[in-house]
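**Student:** Next come a sequence and a model predicted from it.
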Amino acid sequence: MATWKIDALHSEIEFKVRHLMITNVTGYFAEYDATLTSDKDDFTDAKISFEANVNSVSTKNTQRDEHLKGEDFFDAANHPKITFTSTEVKKKDAETFTLKGDLTIRGNSRPVELNVEYTGITVDPYGQTKAGFELTGKINRKDFGLTWTATTEAGGLVVSDEVRLIMAVQMIKQA
């Protein structure tokens, strides 16, 4: 059984939400952890667990970040972690997979499906074996209890319900 841990220095966990329905606002999590275990070299039997520290969310705007951490959105005081636990990995071809699992945000767990692109495996200059993955998916924030909304004077939404997930991940094989 091989165990892999996320390399947080060389990974990015982000989300994008439409603002005023005309542009995207990008948010990042700065503190997170992930573990992948697999017996097979092609990762088809992988078990993945992930968690992000809600208080590490950043949209490069302090006022907006505080709003996201508050009761209107993530409610970090009562729900400090976002978690994901895989339930199935389906190989489409040599480089693409579908990853299914349970995502928990604000105490609400829902099944999600992510598209995974396997970007390769290499040994870094320090002798560590690393595997790269790019993951994408979409969720509806309201499914997870993030129901805050506001409308513009013209009746348009301030924040879309759809949230796009984008992750670029390096995993380090553990000795």
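**Tutor:** Noted; the coordinates are in hand. Every value quoted in this text rests on a predicted model; they were computed, and no experiment measured them. Residues are numbered from 1 along each chain as shown.
**Student:** Please list all residues in contact with the closest residue to Lys47 other than its chain neighbours.
**Tutor:** Distances taken as CB to CB, 6 or more residues apart in numbering place Thr37 nearest to Lys47, at 4.9 Å, with adjacent residues excluded. In this view, the C-beta of every residue, glycine as well, is placed from N, C-alpha and C. When the contact criterion is CB atoms under 8 Å, 6 or more residues apart in numbering, the partners of Thr37 are 1-4, 46-47.
**Student:** cool, Asp42 as well?
**Tutor:** If you count contacts by CB under 8 Å, 6+ apart, then Asp42 has Lys91 around it.
**Student:** what about 10 Å?
**Tutor:** If a contact means CB atoms under 10 Å, 6 or more residues apart in numbering, then Asp42 has 89, 91, 94, 97, 118 as its contacts.
**Student:** Which one among the residues you listed sits at the bottom for pLDDT?
**Tutor:** The member of the contacts of Asp42 with the lowest pLDDT is Ala94, at 87.
**Student:** what about this protein, any weak spots by pLDDT?
**Tutor:** Counting by pLDDT under 70, the low-confidence segments of the chain come to 19-22, 148-159.
**Student:** thinking again about what came up before, which parts of whichever strand or helix holds the residue nearest to Lys47 are buried?
**Tutor:** When secondary structure is defined by DSSP states H and E, Thr37 falls within strand 32-38. Using 16 or more other CB atoms under 10 Å as the burial criterion, the residues of strand 32-38 that qualify are 32, 34, 36, 38.
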